[in-house]
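**Student:** Would you be able to build a 3D model of this:
(2 chains, ligands or ions: 1)
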Amino acid sequence: MEQTDVLKQNTSSIQGALARYCREGAAIDLPGITPGRLEHYRRLVLNVVHGILSEAYPIAARCLGSSKWGELVEQFFANHKCHNPQVWLMARELLDFIEETAYHEAKGLPFLPDLLLMEWTEIEVHSMPDNTTPPSTPCPDSQLLSTHLVFNPHYKLLHLSYPVHRIHLDDFEPKPGNFFLLVFREEKSGKVQFVSLSPYFATLLDTVLQSEGIDVLGAKNALVEAGIHAPKSIHEPQLVYFLKSLQDKQFIFGKVA
Amino acid sequence: MDKELHIPGIGLGFRREMAEDMIALTSGKPDFIELAPENWMGMGGYWGKILRRATEAYPVICHGLSLSIGSPDELDMNFLRSLKSFLDEHDVQLYSEHLSYSKCDNAHLYDLLPIPFREDAVKHIAERIEVVQDVLERAMVLENVSYYTPVAAEMDEATFISSIVNESGCKLLLDINNVYVNAFNHQYDPKTFLSSLPLASVAYIHMAGHEQVAPDLIIDTHGQDVIEPVYELFSWALPKLNPVPVLLERDFNIPEMSVLVGEMNNLRNLAHKAWSKQTC
Ligand SMILES: [Fe+2]
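**Tutor:** Prediction:
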């Protein structure tokens, strides 16, 4: 299975130079080239990358405008070595690039990583491999707190530092804070839903989802033991209302049948 | 596939944009579909369901994008193993790839770069074909790609392709449109080129449209209908080939399904004319 080194250094470095030209765009001189043709390779390569990233991140692309977005795409492709053989997963690497290089700080776009994360999560949840759950029946309100619930397995819980889920609103302000988003895939349609959660509900939900076989009251008590108390405004009726709304949205499938 | 006509069938490239329409086709259906495994591997949810429906409705051939057989980089063994699971899961008998490279210095480019037509590249690729065949437990079928400039070539394209086939024993995916595009872009005769290929090794054929962007340059876009001279080249080549599956590729600017069905019928008629004589 070992590959031997039959490829000569000269051939390999010519191949490397062409690939680098496509990624970085600095003029090169390669032997035996038809004049004016290399440019098409760079153009075609960048077209693919632009296409994939603009489709994956339509809000970020619109928000930055074509010139800043184009610059980001080119910087990313020139400086980041895309390692994923699946081009649609390459889009995730833009986020890695931003975080590794602190690009958002240099460009005065502090909310950019959160915006990209939110948009990427939509793709990720939409496409994540199918998982099965035990059979369930709708859970009556009176049992929501004290029953083992069956949750939709196709979800991500995001903790964001900027309210990027409100970026489409006129009064959007990139003010830092703690924002939580539940992102899940509707079982039947495959569509992705976003639900904004308060910090306490997000923590409680996370505890239930992370601990096997725990009910919501059990999770609430576990949080109390860890020193996390429900805000004064949240009592059992509010908890029931929260869980009922998640059941209505089909994030909670019900109780174990 | 098409037993009555003694041809292995006419297929259509399976793209997201036309997925629902292809699955819903009741007449003029392709005999098989071709898909890029990289675009479907590990996919659940809506697209996972679409893939399941498509693979239930049609036999599947796979045409890869990211193997990068001509790369100086080492083969990505993890990727190869995932690919094998995908091919096994969907009972894919024929897996093909491009005779090009799309990854270098550990960075994917997601497009097809031209390999220098050189003896050391031939040997390098032949060795890698063996590894890929061992891992996938399938014969490799490699496609002649469109290229817009040769790079540091020490032999011509036909010699390069033939040497790889001879050295490795791999099969050829003959893309007739790519032959036409390259002959136009590099000013050689497509029939002479075709005649100098090891045609007995052709296991699969691609047909597609292209776009002329300058008086002396065609780009292989798969975004237009197949043009008459490409049909002519196809008809000319068929009697020299064994009956093999033929695929219509359409990636962009996708027309009504009826247009694609019409193009598939054209291919079917031409294949029937050429091959029913051979095999009946
Ligand atoms: Fe092709």
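
**Student:** ok, now how distant is the spatially closest residue to A:Gly213 that is not a sequence neighbour from B:Leu51?
**Tutor:** Computed as Cβ to Cβ, 6 or more residues apart in numbering or on different chains, the closest residue to A:Gly213 that is not its neighbour in sequence is A:His148, at 5.9 Å. For glycine as for every other residue, the C-beta is placed from the backbone atoms N, C-alpha and C. Separation of A:His148 from B:Leu51 (Cβ to Cβ, to the nearest Å): 33 Å.

**Student:** what does B:Ser96 give?
**Tutor:** Counting by Cβ to Cβ, the gap from B:Ser96 to B:Leu51 is 19 Å.

**Student:** okay, the two: which has more neighbours?
**Tutor:** Higher neighbour count among B:Ser96 and B:Leu51: B:Ser96, with 25 against 20, using other Cβ atoms under 10 Å in any protein chain shown.

**Student:** And for the more buried one, nearest residue in space, chain neighbours not counted?
**Tutor:** B:Val141 is the one closest to B:Ser96 (Cβ to Cβ, 6+ apart), at 3.9 Å.

**Student:** Same check on A:Ala202?
**Tutor:** Excluding the flanking residues, the one nearest A:Ala202 by Cβ to Cβ, 6+ apart is A:Phe180, at 3.5 Å.

**Student:** For that neighbour, give the beta-bridge partners.
**Tutor:** Beta-bridge pairing of A:Phe180 under DSSP bridges involves A:His159, A:Leu197.

**Student:** Pretty sure A:Lys232 sits in a helix.
**Tutor:** No: counting by DSSP: H, G, I helix; E, B strand; the rest coil, A:Lys232 is not found in a helix; it is coil.

**Student:** Quick check: phi and psi at it.
**Tutor:** phi -60, psi -30 (degrees, to the nearest 10).

**Student:** who touches the residue in the stretch 151-257 of chain A that the ion sits nearest to in this structure?
**Tutor:** Distances between the stretch 151-257 of chain A and the ion by Cβ to the ion are smallest at A:Gly190, namely 30.4 Å. Contacts of A:Gly190 were listed using Cβ atoms under 8 Å, 6 or more residues apart in numbering or on different chains, and they are A:126, B:45-47, B:49.

**Student:** unless I'm mixing things up, the residue nearest to A:Gly213 is touching A:Asp215, no?
**Tutor:** Yes: A:His148 is in contact with A:Asp215 according to Cβ atoms under 8 Å; the separation is 6.0 Å.

**Student:** can you map out the helices along chain B?
**Tutor:** Secondary structure of chain B (DSSP state H): helices located at B:19-24, B:45-57, B:77-89, B:119-136, B:157-168, B:176-185, B:190-195, B:228-237, B:257-279.

**Student:** in the longest one, what counts as buried?
**Tutor:** With burial defined by 16 or more other Cβ atoms under 10 Å in any protein chain shown, the residues of helix B:257-279 counted as buried are B:257, B:260-261, B:263-264, B:266-268, B:270-272, B:274-275.

**Student:** May I have that helix exported as CSV, CA atoms only?
**Tutor:** Extracted in CSV, the C-alpha atoms of helix B:257-279 (Å, rounded to 0.1, in the frame of the first residue of the first chain):
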residue,chain,number,x,y,z
MET,B,257,-36.8,17.6,-18.0
SER,B,258,-38.4,17.1,-21.4
VAL,B,259,-35.3,18.6,-23.0
LEU,B,260,-33.0,16.2,-21.2
VAL,B,261,-35.2,13.3,-22.1
GLY,B,262,-35.0,14.4,-25.7
GLU,B,263,-31.2,14.4,-25.5
MET,B,264,-31.2,11.0,-23.9
ASN,B,265,-33.4,9.7,-26.7
ASN,B,266,-30.9,11.1,-29.2
LEU,B,267,-28.1,9.2,-27.5
ARG,B,268,-30.2,6.1,-27.2
ASN,B,269,-31.0,6.2,-31.0
LEU,B,270,-27.4,6.7,-32.0
ALA,B,271,-26.2,4.0,-29.6
HIS,B,272,-28.8,1.6,-30.9
LYS,B,273,-27.9,2.3,-34.5
ALA,B,274,-24.2,1.6,-33.9
TRP,B,275,-24.4,-1.2,-31.4
SER,B,276,-27.4,-3.3,-32.3
LYS,B,277,-25.5,-4.2,-35.4
GLN,B,278,-22.5,-5.4,-33.3
THR,B,279,-24.4,-7.4,-30.8
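
**Student:** got the contact list for it?
**Tutor:** In contact with helix B:257-279 (Cβ under 8 Å, 6+ apart) are residues B:2, B:5-7, B:10, B:12, B:18, B:21-22, B:25, B:27-28, B:30, B:207, B:225-226, B:231, B:234-235, B:238-239, B:243, B:246, B:248, B:250, B:254.

**Student:** Stretch A:65-74 close to chain B?
**Tutor:** No: using Cβ under 8 Å from any Cβ of the partner chain, stretch A:65-74 stays clear of chain B, coming no nearer than 12.8 Å.

**Student:** Could you pull up the mean pLDDT of that stretch?
**Tutor:** Averaged across stretch A:65-74, pLDDT comes to 97.

**Student:** about what we covered before: nearest to the ion among the contacts of A:Gly190?
**Tutor:** Using Cβ to the ion, the contacts of A:Gly190 come closest to the ion at B:Trp47, 22.8 Å.

**Student:** do you know how far that closest one is from chain A?
**Tutor:** When distance is defined by Cβ to the nearest Cβ, to the nearest Å, B:Trp47 is 6 Å away from chain A.

**Student:** Might one say that that residue is in contact with B:Trp40?
**Tutor:** Yes: here B:Trp47 reaches B:Trp40: they are 7.2 Å apart, a contact under Cβ under 8 Å.

**Student:** out of these two, which sits in the busier spot?
**Tutor:** Higher neighbour count among B:Trp47 and B:Trp40: B:Trp40, with 22 against 17, using other Cβ under 10 Å.

**Student:** Distance of the residue nearest to A:Gly213 relative to B:Leu25?
**Tutor:** A:His148 sits at a distance of 45 Å from B:Leu25 (criterion: Cβ to Cβ).

**Student:** swap in A:Leu53?
**Tutor:** Distance from A:Leu53 to B:Leu25, by Cβ to Cβ: 33 Å.
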